[in-house]
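K.L.:
fold the stuff below for me.
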Amino acid sequence: MGPMTDKHHLAPRPWIRKAGLVSRGRKRGKAFFATPAGVSALLAVVLALGVFVPSAESGEVRGPYLWQKTVQGDFGTVVEMARDALSIANFPVNNVRDYRESLSRRFEQIGEGTPPFAHYRILDFCNVQFAARNLKTDLRMGIFKPCKLVIYQALEGGEVTLMTVNPDFMPTILGNPALIPAAKELEAVIREVFDSVDF
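P.N.:
Below you'll find the predicted structure:
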């Protein structure tokens, strides 16, 4: 078998091309995940493989990389519920970024009109002891620090979505099983937050 750079290793698998995840354009193997068609095709394959674990009752969808919950409620109330739950779990919010006004100005400047959301905030939260232990285990854990919780409300429907990285992704992407306990600890925190945001 040749090296990993061998052209056979770079060629898209038949099932990927059949699903429409790779363009047949002039540039061989050109991905189009950034296009609406590519995103839809990728989501279709992921759902077909049973990667996501949705729960109609709780409004949750947990995939290999993302974990989210959608609720019907007041945006400000959802944000405060999440902040309170994080504080109780000893993972206080140390920074809140509100993209509503800043992105509205940016969209206007570049001629993109109105942002596709009513509200959009990112909560940075952290526990210093938790972070210190993780960095001692693997210095690469800094890419996940601080932990982030995205909360947004779409223009239509009024639903509020909370979204964060699935903690199981951390030891997986870094290839370090020693980080599994940290992932489980953070998973319990996210579980508390999502359970607390309920209407």
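K.L.:
from now on I want contacts and neighbour counts done on CA atoms only, so please keep to that.
P.N.:
Fine.
K.L.:
any idea how far the residue most central in space within the chain is from residue 170?
P.N.:
The residue lying closest to the centre of the chain (Cα atoms, centre = their mean) is residue 66, at 3.9 Å. According to Cα to Cα, to the nearest Å, residue 66 stands 11 Å off from residue 170.
K.L.:
quick revisit: against residue 105, how distant is the residue nearest to the centre of the chain?
P.N.:
Distance, residue 66 to residue 105, by Cα to Cα: 29 Å.
K.L.:
ditto for residue 126
P.N.:
Residue 126 sits 30 Å away from residue 105 when distances are taken as Cα to Cα.
K.L.:
and if you look at residue 92?
P.N.:
Using Cα to Cα, residue 92 is found at 30 Å from residue 105.
K.L.:
same check on residue 83?
P.N.:
Per Cα to Cα, residue 83 is found 27 Å from residue 105.
K.L.:
the residue lying closest to residue 148 once chain neighbours are set aside in helix, strand or coil?
P.N.:
Of all residues not flanking residue 148 in the chain, residue 124 sits nearest, at 4.7 Å (Cα to Cα, 6 or more residues apart in numbering). Classification of residue 124 by DSSP: H, G, I helix; E, B strand; the rest coil places it in strand.
K.L.:
what is the burial count for residue 124?
P.N.:
18 (other Cα atoms under 10 Å).
K.L.:
before we move on, what about residue 145?
P.N.:
Residue 145: 13 surrounding residues under other Cα under 10 Å.
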